[in-house]
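A.B. asks: Need a 3D model of the following:
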Amino acid sequence: MLSEKEKLETLTRLGIDLNQVQDLDLLMERILTEARRFVNADAGSIYIRSRNQLHFSYTQNDTLQQRLCPGEKLIYSTFSIPVDKKSIAGYAAATGELLNLPDVYRIDPALPYGFSDRFDRASHYHTGSMLTIPLKNSKGDVLGVLQILNAQNESGMIVPFSPENEKIMMLFASIASVALERAQMTRDMILRTIRMAEMRDPKETGAHVNRVGGYAVELYEKWAYRHGYSRQEVDSNRDILRMAAMLHDVGKVGISDTILKKPARFTPEEYEIMKQHTVLGSKLFEGSRSDFDEAAADVALNHHERWDGKGYPGYVDPFTGKAIPEYAGEDGKPRGKKGEEIPIFGRIVALADVFDALSSARVYKEAWTEDRVLETIRNDSGSHFDPELVEIFFSSLDIMRSIQQRYADSDA
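C.D. replies: Here you go, the predicted structure:
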């Protein structure tokens, strides 16, 4: 449990730390982790506001987490509630007021809001104290709601949140809201770029790229811990990878509509042109002024390489698209990268992209059944995909399914 002095010292660093997290989903995870640590809370959730709805976007629960096997993650359903005074979170969003409830099962019936025990009954959890804080931007607009559950004393007993908790969390919320608004702007800019690509290629939807980004982060996290990466390295790289993965096919904006929107199979010549979207995407991040630029260029260029070396574009100069001489065959064509020659981010997004493409319905095909998709991935281990990543993928199937549900096509 942090002392008041430690809390104030931490707050002075928090604004800088949170603003270094670029991705919206990963920022919500960090905000919730830090908020719970400040007030020693067992659980918490974040709702993001979209017009007159609050979307349940992220949750943590130490009690439920302890029931899982090591390495497993909580799987939770996403849902929306209206911004009105009937629910606790809705009331905080509608009024902009903080709510500190000592016991949610003893709310005065005269109050307009109430507590739904549906989650408690389903999970065999007991919610006691609850602190609900609106997240406001500099204009006073509510961006979302931070809800912290079950404050604990030094003995681990559930206690009400104190007035001091209220004060520190109001200050915390103001700092977190600045980072949240910036991360939302970053996500919006990425999705606008994706929508530009979607105008050219209907496969590139916001839901598709959000799913690919989500799958990629889960695969990377498990892979990185296996390979001895530190928590700090993993957090930094997850943030970069998620955004880079979302932009994996952005180079398609440079491909002719005649090819992109062709309703039939490509000719060999058209397929060669189509392959150039990898090089075009990489060139968009020319200069590598940041770790993100470098990662996005790597992903765009390498996500169609194959573990067996039969992918594309192979060893090419990303600025010219031509084969690097020392890696060119007798025909002058570039040799494909194989195995660990392919950067890890490229190997990860290759698997994430194919899984989503096969699992999703498109104007030209029906979605494959999950059994067929999984059989294909299993059979392509060691040929198309890195075998270690396939193993990690199958160990994370429940999380992959939850990401599919969270970013369903209807939510694009």
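A.B. asks: Please give me every residue in contact with Glu388.
C.D. replies: Trp223, Arg226 (Cβ atoms under 8 Å, 6 or more residues apart in numbering). From N, CA and C alone the C-beta is placed, and that goes for glycine too.
A.B. asks: so is it in a helix, a strand, or just coil?
C.D. replies: Here Glu388 is recorded as helix under DSSP: H, G, I helix; E, B strand; the rest coil.
A.B. asks: Return the per-residue confidence for it.
C.D. replies: Listed pLDDT for Glu388 reads 98.
A.B. asks: Could you give the number of residues near Asp331?
C.D. replies: Applying other Cβ atoms under 10 Å, we find 6 other residues in the vicinity of Asp331.
A.B. asks: So it: helix, strand or coil?
C.D. replies: Asp331 ends up coil, using three-state DSSP.
A.B. asks: distance of it from Tyr271?
C.D. replies: Per Cβ to Cβ, to the nearest Å, Asp331 is found 16 Å from Tyr271.
A.B. asks: Same question for Val178.
C.D. replies: In terms of Cβ to Cβ, Val178 sits 47 Å off from Tyr271.
A.B. asks: Between these two, which has more neighbouring residues?
C.D. replies: Between Val178 and Tyr271, counted using other Cβ under 10 Å, the more crowded position is Val178 (16 against 12).
A.B. asks: Remind me which helix or strand the more buried one belongs to.
C.D. replies: Assigned by DSSP states H and E, Val178 falls within helix 163-200.
A.B. asks: Phi, psi for Phe56 please.
C.D. replies: Phe56 has phi and psi values of phi -70, psi 110 when expressed as degrees, to the nearest 10.
A.B. asks: and it, how many neighbours does it have?
C.D. replies: Neighbours of Phe56 (other Cβ under 10 Å): 18.
A.B. asks: Point to the helix or strand of this protein where mean pLDDT is at its lowest.
C.D. replies: Scoring the helices and strands of the chain by mean pLDDT, DSSP states H and E places helix 4-19 at the bottom, with a mean of 75.
A.B. asks: so what secondary structure elements neighbour that helix?
C.D. replies: Where contact means 3 or more Cβ pairs under 8 Å, 6 or more residues apart in numbering; DSSP states H and E, helix 4-19 is packed against helix 24-39, helix 163-200.
A.B. asks: Please point out which parts of stretch 15-35 sit buried.
C.D. replies: Using 16 or more other Cβ atoms under 10 Å as the test for burial, stretch 15-35 gives 18, 21-32, 34-35.
A.B. asks: how about the strands in the protein?
C.D. replies: Ranges of strands in the chain, per DSSP state E, are 41-50, 53-61, 80-82, 99-101, 130-136, 142-152, 158-159.
A.B. asks: Okay then, goodbye and thanks.
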